[in-house]
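Student: Need the 3D shape of this:
(2 chains)
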Amino acid sequence: MNMDLLIWLIPLPPLLAFAAIVLFTNRSKALSHSLAIGAAGLSWLASMVVFFTAVGREELAKHPLGVDLKVNWLPLGDGAFKIGVQVDPLSAVILFFVAWTVLMIFVYSVGYHNFGQPAGDHDKPGLPPHGATVKVKGHGHQVPSVEPMYSRFFAMISLFAFGMFLLVVTDNLLTLYMAWEIMGLCSYLLIGFWYAKPSARDAAVKAFLTTRVGDMFMLLGMAALYKMTGTLNYQEILANPTVLEMLASQAAPVLGLSWAGLIGILIFMGTVGKSAQFPLHVWLPDAMEGPTPVSAMIHAATMVSAGVYLSIRFFPLISAGWDGGGALTPAMMTLAVVGAVTALFAATIAVAQNDIKRVLAYSTISQLGYMIAALGVGAYVAAAFHLVTHAFFKALLFLGSGSVIHGMEHGVLHTHQHIDPQDMQHMGGLRKKMPVTFWTFLAGGLALSGFPLVTAGFWSKDEILSGAFNGGHVWVFVILALAALLTAFYTARQITLTFLGQARSEAAEHASESRAVMTAPLVVLAFFAITAGWVGIPKAFPGLGGLVPNWFEEFVGEMLLVHGEAAHHSLVPLITSLVVALGGLALGWWVYRDVRAGQKDPLQKPLGPVYTLLQNKYYFDELYGATVVRFSRWVSEVFTDRWLDRGVIDGILHGIAAAGLWLGGVLRNGFDLPVINRFLGDTVVAGGTRKLGAETSKIQTGRLQQYMLMGLAVVLAASAIIYFFFVMA
Amino acid sequence: MQFPILSVLIFIPLLAGIVLLMVPAQRKDWIRGIALGSAAVVLVLSVAVYALYDVAQAGYQFVETAPWVPALGIQYHVGVDGLSLPLILLSGLVVFTGVLVSWHVDERPREFFSYLMFLGSSVLGVFASLDLFQLFFFFELAVFPKYLMIILWGSPKTREYGGMKLTLFLFAGSVLALVGALAIYFGSGLRTFDMLVLEKAGFPIAFQQLWFPFLFLGFGVLSGIFPFHSWAPDGHVAAPTAVSMLLAGVEMKVGAFAALRVAIMLLPDGARFWAPAVLVLATINVVYGALIALIQSDFKYVIGFSSVSHMGLVLIGFACLNHDSLLGAGMQMFSHGIMTALFFSVVGMVYDRTHTRELSQLGGLVQKMPWAAVGFIIAGLVSMGMPGFSGFVAEFPIFMGAWRTAPLVAIIAILGVVVTAGYILLVVRRVFFGELPKQFQNIPDITWMDKLAIGLLAAFMIGLGWFPSLMTSVLQPGVQNILGLLGG
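Tutor: As a prediction, the model looks like this:
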């Protein structure tokens, strides 16, 4: 089959599924999810074919797949803006994990939304299902109920998947931006899926607006890039040393940056919004208001990965002028600082959260910071590698947490205990109740903490640490190592609180394992969370290095025009990553191993106010509320509306009107009445006028259409008069 | 001789308007039938004109001329090019959907539909005019029906203020523009109102610089240019639904189009001289309208001010005077037209059922009127320039063009778009999501005619979003023509 066409077709099935569900199969739950999963399956199949074809190609980076088929889309500048597709090594590996995670999330959603269960007793669209009562042997029994907007959910995640596939296969920044915004829209709709919950609505708006701020900078970057180069095509800019050199050498008018630096930073702002980097990170933790599969979509398969993908994609521009060693470019420095700060800052917050999904949300922010910091110090391949492994284990963790919540909800329904099923303080001992969820979650958690050798996260994280260390950026290395220690710590805390020890609530005692349709995707993702790292074992790794080829490095590394200097083989990063991972895990387990029901967090006392600060996420929401939000309200409400529009502009208008009235009054009272009337008042004119008035008032019958026709007649008469006047003249 | 499609298009609604006035007032079904029938013919003909326009040949097509007042050099002269074509289509769409959503107007439907048809004829006449006098004639033809419809069918509280404000503003604008037009007529020494001739008159630069502001601002008042925008929100809000649709959707384009066709195309050197000033005003439009929209508590005022903001983008597109920006402005005129028509139609549907426009009293309406909610959200996405919808393919070229000429304008305007996203999302959240108030538990869903109107407008927004070349291919030659006049 024609490979170009096949790549074009990858995003299409989910879009068609979206349209079909919305238009036709809305009422049938089974049909709707079959369509959505079938479409995701087709995209998965096409992606796998493309991926394995791509893997087999020589010099794929220079000659990507799919570049021969382009369409004129929008006439801009001197020519037409062409859009097309391309699959190079970077998009190939992204495509691989997107296809897998999307498919798994879709399958999982069937179980998550309780397909096959009865409709709820009091369920309403816009609220999560509350459970249904079924009669078993004559007495009522509470069971989970099916989601009322089941079909709509599958329509929306299909559109979401479409956006992501489109983003990955496209060959230019404009279509990427389109896909990017489609995902922004989907995230808005899905975070606010349970729209009757005020918290969900607020979270949806917050997510959309915050990412939008980043997008606007990105749009500016695009405009600048387009003006400088006349194109937005990847190959023509990013694989073209002449263009990159031109951009790196010309000075932009801002901050003494080169154009490459300025555009790189502007485009990176898009990533800051989309991938929830400091200071635009505030939306992502709230985004878990949506159903859990959506969190998995946002945190792993789509949104945030797309953000990091953008920065990886534009790394050649961001690093233009960098020679592979020595001083970082200003754009790279920005990435390194933002990434490192985010990695550490979010990890500290995660330590003090009790909501199982919120911990994961902050861990996502922190891990994304890792990738950005890696890019900042030039560890391009490591960043891409961590993006892939993270997608697998984070999808796994989110789906696993959804399974835990499901099990807890089951317990809540059973016991009628009123507790928050997402709060880890009420959990404990779930490993016996939910063994599959436990083992897969453990795999994901260990991968997240970088448990040595057997997990994927270890290999990618180790790569980043050694990249930072060997590049000579010790401060980045230290920050990231600290973040890694915290990561291992809060992961151990989470696993211990959730699965180990004794149940701390009745509901937890009655939790039950989720259905196979939910646990099967967990197993598949757990497989990748373990094995995905083995394709990238560095050659220099003591003992294992060289036994298996470092396929990832060879494949994706081909994308780079400038290669970093050969790594110095230092054992420092390796030992560090071993120590922080194992130490953090052990410490976390040790501190939380026997927390009792109702007991406060063991860290609360020793940390004191710091703990409160962390628990409240450094008060960022409050800070933004008090500054940005209030300021913009003031500008629009007081300054523009009250002062300018109603004060100045309408004031002038009404002033003119009043002046007109005054003038009219003066004329009437000072001239018309005393002067005109006195002389003409009682003469023929007045009598004549009065008569004419009586005549004309006859046609004022009050019938509007006659006014209208009169109006027309007047216009015609006026034209006629002008005509004769000028013709005679 | 070819079929005089443009004349038929212009005069069918005029004729229908006159015929309607003769129908007995109690035959409401006849009245509605005639209105819908003629609106459908207008729509079909406008689509036909659009489809039959030969892009390869470009230039003015379907041209018809007839002497009108030869002694003064006044002709009946119609024709369309790439710039007016989308606006003809827009007029057809909005007139048709306007009739659909006004189906249940029960108070004097005869006069209502009759005036609506006059309004339709007026806008079509302006877009097709190639004669300056004739353009003015059609331009002014709209004044009567606009004013009457607002004060008779408008919202009781503000209709007199709104109607009066609008009429006075527009009259003032017309006077300015008329002075400019007469200056051109006498200044050229050609004793003709034919714009195709006047284009080549070669006015001296000082002359152009003197008279450009008269024409541009005079017509620009109708496009809502700052600081003469103040009629727009008040007028739109006071007007009945169909008139709001036509006012914001089409009439504001009439102003912008006339400013382009007369001021910029006849006085290109004047345009170049004044462009920076226009840019400043237009940029204020964008930000200012968006900021005020953000804090409105009245559903309809939000949309009213959003029009001020979006028309600013059109004017920015004009004032940058380059290919991308003009192309974007052309797209934006169409895109904003259908978008705001959809907005106002949904606002009307909501108001008809809930009898309130206060955002604080609305909520959860997605449950009762899902089509209206989806329609509004789609229009909202167009409004915030979301890719995949017509707003993006309109705004994107404007930003690209603005970046070339005045990067600072692009930056400020793009920030305005963030604000747009803000007010749209807030309105969507307050009106359609959240708890449904008790008193609205039993409101009926919208009718199938309303759905047809929403579907039709939304289809164009999405279709153009994905296949912009359906319109850019037509606009291109028109833009090239302007660039030629500007002396490229």
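
Student: can you pull the buried residues of stretch A:474-492?
Tutor: A:476-477, A:479-492 (16 or more other C-beta atoms under 10 Å in any protein chain shown). No exception for glycine: its C-beta is placed from N, CA and C like everyone else's.

Student: Equivalent analysis for stretch A:403-423, please.
Tutor: A:403-415, A:417, A:419, A:421-423.

Student: Could you pull out the helices in the stretch 401-550 of chain A for me?
Tutor: For the stretch 401-550 of chain A, the helices defined by DSSP state H, counting those that start in this stretch occupy A:430-433, A:435-449, A:456-470, A:474-499, A:506-509, A:516-531.

Student: Need phi/psi at A:L74.
Tutor: phi -140, psi 130 (degrees, to the nearest 10).

Student: helix/strand/coil for the closest residue to chain B within the stretch 151-300 of chain A?
Tutor: Closest to chain B within the stretch 151-300 of chain A is A:M178: 3.4 Å, counting by C-beta to the nearest C-beta. Here A:M178 is helix, with the state taken from DSSP: H, G, I helix; E, B strand; the rest coil.

Student: How about the contacts made by it?
Tutor: A:166, B:387-388, B:392 (C-beta atoms under 8 Å, 6 or more residues apart in numbering or on different chains).

Student: And B:V302, by the same measure?
Tutor: Going by C-beta under 8 Å, 6+ apart, the list of residues near B:V302 reads B:293, B:296, B:359, B:423, B:427.

Student: biggest separation within those residues, which pair?
Tutor: Farthest pair in these (C-beta to C-beta) is B:A293 and B:L359. Separation: 11.7 Å.

Student: Contacts only, for A:G184.
Tutor: A:208, A:211-212, A:215, A:274, A:303.

Student: 6 Å instead, please
Tutor: Residues near A:G184 by C-beta atoms under 6 Å, 6 or more residues apart in numbering or on different chains: A:T211.

Student: now the one 5 residues further on
Tutor: For A:L189, the contacting residues are A:M156, by C-beta under 6 Å, 6+ apart.

Student: name the element it belongs to?
Tutor: Using DSSP states H and E, A:L189 maps to helix A:173-191.

Student: Just the CA atoms of that helix, as CSV, please.
Tutor: Taking Å, rounded to 0.1, in the frame of the first residue of the first chain, the C-alpha atoms of helix A:173-191 are listed here in CSV:
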residue,chain,number,x,y,z
LEU,A,173,3.8,24.1,12.4
LEU,A,174,0.5,25.4,11.2
THR,A,175,-1.3,22.1,11.1
LEU,A,176,0.4,21.2,14.3
TYR,A,177,-1.1,24.3,15.8
MET,A,178,-4.5,23.3,14.4
ALA,A,179,-4.3,19.9,16.0
TRP,A,180,-3.0,21.5,19.1
GLU,A,181,-6.0,23.7,19.5
ILE,A,182,-8.4,20.9,18.7
MET,A,183,-6.9,19.1,21.6
GLY,A,184,-7.2,22.2,23.7
LEU,A,185,-10.9,22.2,22.8
CYS,A,186,-11.3,18.5,23.6
SER,A,187,-9.6,18.9,26.9
TYR,A,188,-12.0,21.8,27.7
LEU,A,189,-15.0,19.6,26.8
LEU,A,190,-13.7,16.6,28.6
ILE,A,191,-12.4,18.2,31.8
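
Student: Looking at the stretch 251-400 of chain B, which residue is nearest chain A?
Tutor: Counting by C-beta to the nearest C-beta, the stretch 251-400 of chain B gets nearest chain A through B:P387, at 3.4 Å.

Student: What is the burial count for that residue?
Tutor: Neighbourhood size, B:P387 [other C-beta atoms under 10 Å in any protein chain shown]: 24.

Student: So it sits against A:E181, correct?
Tutor: Yes: counting by C-beta atoms under 6 Å, B:P387 touches A:E181, with 4.5 Å between them.

Student: ranges for the strands of the chain?
Tutor: In the absence of a named chain, this looks at chain A. In chain A, the strands defined using DSSP state E lie at A:70-76, A:79-84, A:132-136, A:139-143.

Student: actually chain B
Tutor: Assigned by DSSP E, chain B shows strands spanning B:61-69, B:74-80.

Student: Between those, which one is closest to A:S366.
Tutor: strand B:74-80 (59.2 Å).

Student: Show me what that closest one is packed up against.
Tutor: Judged by 3 or more C-beta pairs under 6 Å, 6 or more residues apart in numbering or on different chains; DSSP states H and E, the packing partners of strand B:74-80 are strand B:61-69.
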